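> just coords:
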């Protein structure tokens, strides 16, 4: 083991141990205090039935038992396996969440290290790796969300792991190894899809970026990128296929992963929700759906009704999009919201925890801005970039957070900033015993921006909630770490800032 690799392993272990210790404290506090809440109540109930060998079924008050697929199978299946081994207690789910959080710390360390090396900051790679891992290890939102029996934390870990596999594919020197890593990317994205069906959209993007992020000048590179995206998508669909076949057999209609897409579309058409969730009850239940009781048929009926409402007032539906994005990107204190719903936080404590979450996330966003819009000139331009970043950050710390996120997405993807994200080829290191310092590329930056774009798209169409930004924390931590690594160069008079 080389000294560099030995140092990295030691750093990763230290960060992982810190992350686990902090999560263990949270679980020990929450184990017998925090009951399942919100969607967590449903996940816990289904996981208990899975652990008892009853499958994904639902017991109704009249004693009837029906097959179900309303929510995605992935998270209750994970909980069910843990419950079968350790007992069907919410604390078991919390320990599982803590373990997944530690995996996230390890993966983000690797992503942060490689991202720093990829932009020419090899001498600061250790700092970047440790910073990214620590941001995940001590994040108030991720720590406070550990007791939540919800899917977002697990989705973030699986997506970050898929990005790591895609990064390895982009760095692989031989075709067999590259296709092998793309297959692993597809497996991980398939698992993420079983946790949250919308994740499927990210899979082909990660596959294509494995070629395109390191240069896409030739037609062959473009075609191979498209093939790579198709491979990742196909493997992801293959992971979901057994569950889809089960639904086709057990439900009244074929259901890909979950039978709530129609529900979510209809919910997003009600102006009284102001962009957030509102229950479909009372007068909000479409007349044509009131006598439909089968789960899949009701979802189809609600989806049809939602599309009809959109067609009747397209402009009114489009006007709800800013409210949905505000709910998602400005009110993103997910841990405080869950613990408040569980009844363990009073209003004042919920407000304080929520403030800590929001402030920590937005301070991290300052570093994201510096990491993505990094200075590539000498000191004068570097300082101007720093002032631009500071100005945008102040806007973000004030109002219009969703506009700042949108500005980052548009700005970083615009033609003027593409040179800052382009690959720069450096010689590959052939020896397997040496550290992996192969091809400089912006893979993690582009993957994070792709996830951000999909978050805008999905929740602009359906409805918003702050917890939906939680997976972004795992991919934006490496960018925050990159911004931290850039700081010495930005204000150093003795060397260029790029």
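Yep, it's here. For clarity, every value in this text was computed on a predicted model and none was experimentally measured.
> so which bits of the helix or strand hosting residue 81 are buried?
Element membership for residue 81, per DSSP states H and E: helix 74-86. Across helix 74-86, burial judged by 16 or more other Cβ atoms under 10 Å covers 74, 75, 76, 77, 78, 79, 80, 82, 83, 84. (C-beta placed from N, C-alpha, C; glycine too.)
> could those go into CSV alongside distance to residue 286 and pLDDT?
Below are these laid out as CSV (distance: Cβ to Cβ, whole Å; pLDDT from 0 to 100):
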residue, distance to residue 286, pLDDT
74, 29, 95
75, 29, 96
76, 28, 96
77, 32, 96
78, 34, 96
79, 33, 96
80, 34, 96
82, 39, 96
83, 37, 97
84, 40, 96
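> need the contact list for residue 458.
Residues in contact with residue 458 (Cβ atoms under 8 Å, 6 or more residues apart in numbering) are 198, 201, 468.
> most neighbours, which of those residues?
Neighbours here mean other Cβ atoms under 10 Å. Within those, the largest count is held by residue 468, at 22 neighbours.
> pretty sure that one contacts residue 328?
Yes: between residue 468 and residue 328 there is a contact under Cβ atoms under 8 Å: 5.5 Å.
> tell me, what's touching the two both at once?
The contact lists of residue 468 and residue 328 share 455, 459, where a contact means Cβ under 8 Å, 6+ apart.
> mind listing residues that contact stretch 47-61?
By Cβ under 8 Å, 6+ apart, stretch 47-61 touches 46, 65-69, 73, 75-84, 88, 93.
> confirm residue 66 sits in a strand?
Yes: according to DSSP: H, G, I helix; E, B strand; the rest coil, the state of residue 66 is that of a strand.
> ok, and the closest non-adjacent residue to it?
Computed as Cβ to Cβ, 6 or more residues apart in numbering, the closest residue to residue 66 that is not its neighbour in sequence is residue 58, at 5.5 Å.
> helix, strand, or coil at that neighbour?
Strictly by three-state DSSP, residue 58 counts as strand.
> pLDDT wise, what is it at?
Here, the pLDDT recorded for residue 58 equals 92.
> kindly report the same for the one 10 residues further on.
According to the prediction, residue 68 has pLDDT 93.
> once you drop chain neighbours, what's closest to it?
Using Cβ to Cβ, 6+ apart, the closest residue to residue 68 is residue 58 (4.5 Å).
> how close does the one you found sit to residue 471?
27 Å (Cβ to Cβ, to the nearest Å).
> list phi and psi for residue 268.
phi -70, psi 0 (degrees, to the nearest 10).
> could you do residue 105 as well?
Main-chain torsions, residue 105, degrees, to the nearest 10: phi -60, psi -50.
> next, count neighbours for the nearest residue to it once chain neighbours are set aside.
In this structure, residue 105 finds its nearest non-sequential neighbour in residue 19, 4.2 Å apart by Cβ to Cβ, 6+ apart. Residues lying near residue 19 (other Cβ under 10 Å) number 26.
> still on that earlier bit, just put the contacts of residue 458 in JSON lines and tack on distance to residue 445 and secondary structure.
Shown next, in JSON lines, are the contacts of residue 458 (distance: Cβ to Cβ, whole Å; DSSP: H, G, I helix; E, B strand; the rest coil):
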{"residue": "198", "distance to residue 445": "21", "secondary structure": "helix"}
{"residue": "201", "distance to residue 445": "19", "secondary structure": "helix"}
{"residue": "468", "distance to residue 445": "21", "secondary structure": "helix"}
